[in-house]
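Chemist: A predicted structure for the sequence below; I have some questions about it.
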Amino acid sequence: MEKQTFIQTVGEAARKDMEKSGVLASLTIAQAILESGWGTSELAQNANALFGIKADGRWSGKTYSKETQECYDGVNYTTVTALFRAYSSWDESIADHSAFLHTGNRYAAVIGEKDYKTACYAIKAAGYATAPDYAEKLISLIESYGLTAYDGDMQKEETIMSNSSLVTYTNISSHKNSPRNHAIDTITIHCIVGQWTAKQGCDYFATTDRECSANYVVGKDGSIGLSVDEKDRSWCSSNAANDNRAITIEVASDTKEPYAVTGAAYNALLNLVTDICKRNGIKKLVWSTNKSDRVNHRNGCNMTVHRDFANKSCPGTYLYERHGEIAAEVNKRLNAGTGTENPAGGSAMYYVQAGAFSKKENAEAHAKALKAAGFDTMLKTFGGLYKVQTGAYSVKANADAQVKALKATGFDAFVTTDGGSAAPTPSYIEYTVKKGDSLWAIAEKLLGDGSRYTEIKALSGLTSDTIYAGNVLKVPAK
Ligand SMILES: [Zn+2]
């Protein structure tokens with residue numbers, strides 16, 4: 001039999017078998033070539049056995065006895081007589097080869113493996129053959145004869161069908177359109193308005209009458225839930241076109257501004273977004289604080305927010321202000337994976353600064369004026385100054401455009417790569433004691449819990465429970 005005829009015959013059978021067994025066709029063909037000497041071996045000819053699988057106590061079918069060479073110490077080969085499994089056809093031999101790999105957990109790393117090199121090393125590592133260079137021989141055969149052509153469907157299926165392997169809980173919602181009508185090229189992060197787990201979020205979307213869902217839910221504990229397959233369009237951002245091209249992610253959050261999320265949720269979100277970008281070929285996340293950049297995907301902008309499409313504050317100030325940081329961190333991780341250092345500006349962020357003030361009140365007043373003129377603002381602290389920034393961009397052209405717009409409106413501004421850090425929101429409010437007040441009553445009124453008067457006492461530096469009208473107390477903000 002010609003080599004090409006052998007590859008076609010075994011290849012077709014291996015491809016069909018792969019659909020059922022998950023054993024990569026190229027691996028099966030290469031093993032068949034190697035072990036049967038292109039179908040010329042004594043076992044292949046006399047026992048229809050393409051693979052030298054031994055007939056141990058588990059085997060109840062036909063057998064064939066033959067001398068074989070084994071290498072037990074990695075160096076020396078010994079000749080032994082062994083009993084092998086025999087079949088009535090090569091197809092049967094291929095099917096039994098897969099059944100053999102499915103026995104027990106020994107070959108678990110081989111089943112479903114889509115990368116031929118990984119599969120070859122995995123089958124050797126699991127002890128399938130004793131020859132030290134078994135994996136390299138298989139890889140050489142796959143590459144020399146282009147055997148991955150028989151893996152085609154399996155690879156295609158992966159690019160169309162895949163969801164994140166980081167998912168810890170799955171409950172698919174019926175609130176979706178299947179399949180989505182646009183390639184995935186956008187990330188839309190939401191706040192779910194509740195400190196939920198991924199399970200709570202997915203279960204909600206699977207059972208509620210409200211027409212809402214998301215591709216993923218990130219829980220307060222860092223759990224990650226799948227509610228709508230990536231191949232499908234979720235009902236999440238009040239905009240069909242956006243949800244058809246975006247992976248939507250609901251993140252567990254507080255129920256009030258700034259809708260803060262836990263550190264565990266934030267970390268899980270970064271991991272999830274990185275994974276989504278990797279699998280969907282999104283090479284770089286581009287964020288802009290300019291809504292028009294976002295909704296028009298200008299200059300490669302590929303992050304949108306719910307507030308772009310509906311009169312909502314979603315994703316809340318906490319996550320909204322971190323979108324630049326999320327893009328920078330994810331891009332850093334994406335670049336680290338490819339070994340490319342900061343291509344074309346990479347993960348650097350460009351901030352538009354529109355004023356620096358030593359007094360917070362002045363910075364706030366300036367931010368208010370900018371807001372009134374239609375600019376989004378962020379208050380940052382750096383070097384003892386309060387800086388007002390109106391944007392964070394991963395593309396410098398977008399930052400330059402924002403500066404131009406500010407100057408046209410009469411504000412001075414410039415581009416900086418210094419992000420500073422978000423100005424801390426005060427952790428307390430001040431309360432002036434009125435006649436008749438008691439610490440307990442103030443705690444009850446402002447914190448909803450009289451027993452929290454101890455926090456007011458500690459924060460205000462009081463040594464006794466006695467307070468006087470006119471005293472200024474510090475009361476925790478929450
Ligand atoms: Zn939302």
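Modeler: Perfect, I can see it now.
Chemist: How much space separates the residue nearest to residue 406 when sequence neighbours are not counted from residue 289?
Modeler: Leaving aside its sequence neighbours, residue 406 sits nearest to residue 413 (CB to CB, 6 or more residues apart in numbering; 4.1 Å). All C-beta atoms are positioned from the backbone trio N, CA, C, and that covers glycine. From residue 413 across to residue 289, the span is 13 Å (CB to CB, to the nearest Å).
Chemist: which residues are in contact with both of those two?
Modeler: Counting by CB atoms under 8 Å, 6 or more residues apart in numbering, the contacts common to residue 413 and residue 289 are 390, 402.
Chemist: gap between the residue nearest to residue 406 and residue 351?
Modeler: According to CB to CB, residue 413 and residue 351 sit 10 Å apart.
Chemist: Residue 380 now?
Modeler: Applying CB to CB to residue 380 and residue 351 gives a distance of 8 Å.
Chemist: The residue nearest to residue 406 touches residue 404, doesn't it?
Modeler: No: checked against CB atoms under 8 Å, the pair residue 413 and residue 404 is beyond contact range at 9.0 Å.
Chemist: And the residue nearest the centre of this structure?
Modeler: Central residue of the chain (CA atoms, centre = their mean): residue 272, 2.1 Å from the mean position.
Chemist: List the buried residues in the helix or strand where that residue lies.
Modeler: Applying DSSP states H and E as the criterion places residue 272 in helix 263-279. Neighbour-count burial for helix 263-279 flags 265-266, 268-279 (criterion: 16 or more other CB atoms under 10 Å).
Chemist: Between these, which sits nearest residue 177?
Modeler: Among the buried residues of helix 263-279, residue 276 lies closest to residue 177 (CB to CB), at 19.1 Å.
Chemist: can you tell me which residues contact that closest one?
Modeler: 164, 184, 187, 230, 247, 282.
Chemist: So the last one sits against residue 303, correct?
Modeler: Going back to what we said before, that points to residue 282. No: if you go by CB under 8 Å, residue 282 and residue 303 don't touch, sitting 10.1 Å apart.
Chemist: sorry, back to before: which ones among the contacts of residue 276 are found in helices?
Modeler: Of these, none are assigned to helices by DSSP state H.
Chemist: any idea how far the residue nearest to residue 22 when sequence neighbours are not counted lies from residue 264?
Modeler: In this structure, residue 22 finds its nearest non-sequential neighbour in residue 112, 4.3 Å apart by CB to CB, 6+ apart. From residue 112 across to residue 264, the span is 29 Å (CB to CB).
Chemist: With residue 211 instead?
Modeler: Separation of residue 211 from residue 264 (CB to CB): 29 Å.
Chemist: Then residue 371?
Modeler: With the distance defined as CB to CB, residue 371 ends up 32 Å from residue 264.
Chemist: And for residue 461?
Modeler: Separation of residue 461 from residue 264 (CB to CB): 34 Å.
Chemist: For the stretch 251-400 of the chain, just list every one of the strands.
Modeler: 303-304, 350-357, 378-382, 385-393 (DSSP state E, counting those that start in this stretch).
Chemist: which residue packs closest to whatever residue of the stretch 351-478 of the chain ends up closest to the ion, ignoring adjacent ones?
Modeler: With CB to the ion as the measure, residue 376 is the residue of the stretch 351-478 of the chain nearest to the ion, at 17.6 Å. The spatial neighbour of residue 376 that comes closest, neighbours along the chain excluded (CB to CB, 6+ apart), is residue 289 at 4.9 Å.
Chemist: isn't residue 328 right up against residue 394?
Modeler: Yes: using CB under 8 Å, residue 328 is in contact with residue 394, at 7.0 Å.
Chemist: who has more neighbours, the two?
Modeler: A count of neighbours by other CB atoms under 10 Å puts residue 394 above the other of residue 328 and residue 394, at 26 against 20.
Chemist: Show me what from the chain comes close to the ion.
Modeler: For the chain, the contact set with the ion under CB under 5 Å from the ion comprises 190, 306, 314.
Chemist: tally of neighbours for the second one?
Modeler: Here the neighbour count serves as a burial measure; for residue 306 (other CB under 10 Å) it reads 23.
Chemist: Residue 203 falls within a helix, correct?
Modeler: Yes: counting by DSSP: H, G, I helix; E, B strand; the rest coil, residue 203 is located in a helix.
Chemist: and the gap between the residue nearest to it when sequence neighbours are not counted and the ion?
Modeler: Counting by CB to CB, 6+ apart, residue 203 lies nearest to residue 171, which is 5.6 Å off, once chain neighbours are set aside. Using CB to the ion, to the nearest Å, residue 171 is found at 19 Å from the ion.
Chemist: Angles on the backbone of residue 171, please.
Modeler: Main-chain torsions, residue 171, degrees, to the nearest 10: phi -150, psi 100.
Chemist: ok, it - contacts?
Modeler: The contact partners of residue 171, by CB under 8 Å, 6+ apart, come to 199, 202, 203, 205, 206, 225, 226, 227.
Chemist: now, among those, which is nearest to the ion?
Modeler: Looking at these and their distance to the ion, the nearest is residue 205, at 12.4 Å (CB to the ion).
Chemist: so what pLDDT did that closest one get?
Modeler: The per-residue pLDDT reported for residue 205 equals 97.
Chemist: and the gap between residue 403 and residue 367?
Modeler: For residue 403 relative to residue 367 (CB to CB), the value is 17 Å.
Chemist: re earlier: kindly reformat the contacts of residue 276 as a markdown table containing distance to residue 254 and pLDDT.
Modeler: As requested, these are exported to a markdown table (distance: CB to CB, whole Å; pLDDT from 0 to 100):
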| residue | distance to residue 254 | pLDDT |
| --- | --- | --- |
| 164 | 25 | 92 |
| 184 | 29 | 92 |
| 187 | 22 | 98 |
| 230 | 28 | 95 |
| 247 | 23 | 98 |
| 282 | 29 | 92 |
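Chemist: Looking at these, which one is closest to residue 465?
Modeler: Among the contacts of residue 276, and counting by CB to CB, the member closest to residue 465 is residue 187, at 52.3 Å.
Chemist: Contacts only, for the closest residue in space to that closest one that isn't next to it in sequence.
Modeler: For residue 187, ignoring the flanking residues on the chain, the nearest one in space by CB to CB, 6+ apart is residue 303 at 5.3 Å. Residues counted as contacts of residue 303 (CB under 8 Å, 6+ apart) are 186, 187, 188, 189, 285, 286, 287, 288, 294, 323, 326, 327.
Chemist: make it 7 Å
Modeler: 186, 187, 285, 286, 287, 294, 323, 327 (CB atoms under 7 Å, 6 or more residues apart in numbering).
Chemist: Keep only those of those residues that are in helices.
Modeler: Short answer: the contacts of residue 303 in helices (DSSP H) are 294, 323, 327.
Chemist: Can you select the buried ones from those in ChimeraX?
Modeler: What follows is the ChimeraX syntax selecting those of the ones in helices among the contacts of residue 303 that are buried according to 16+ other CB under 10 Å:
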select :294,323,327
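Chemist: With pLDDT added, can I get the ones in helices among the contacts of residue 303 in CSV?
Modeler: As requested, those are exported to CSV (pLDDT from 0 to 100):
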residue, pLDDT
294, 95
323, 96
327, 95
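Chemist: Tell me the one among the ones in helices among the contacts of residue 303 nearest to residue 132.
Modeler: Nearest to residue 132, judged by CB to CB, of the ones in helices among the contacts of residue 303 is residue 327 at 46.8 Å.
Chemist: For residue 80, give me phi and psi.
Modeler: phi -130, psi 160.
Chemist: May I have the beta-bridge partners of it?
Modeler: Beta bridges link residue 80 to residue 68, judged by DSSP bridges.
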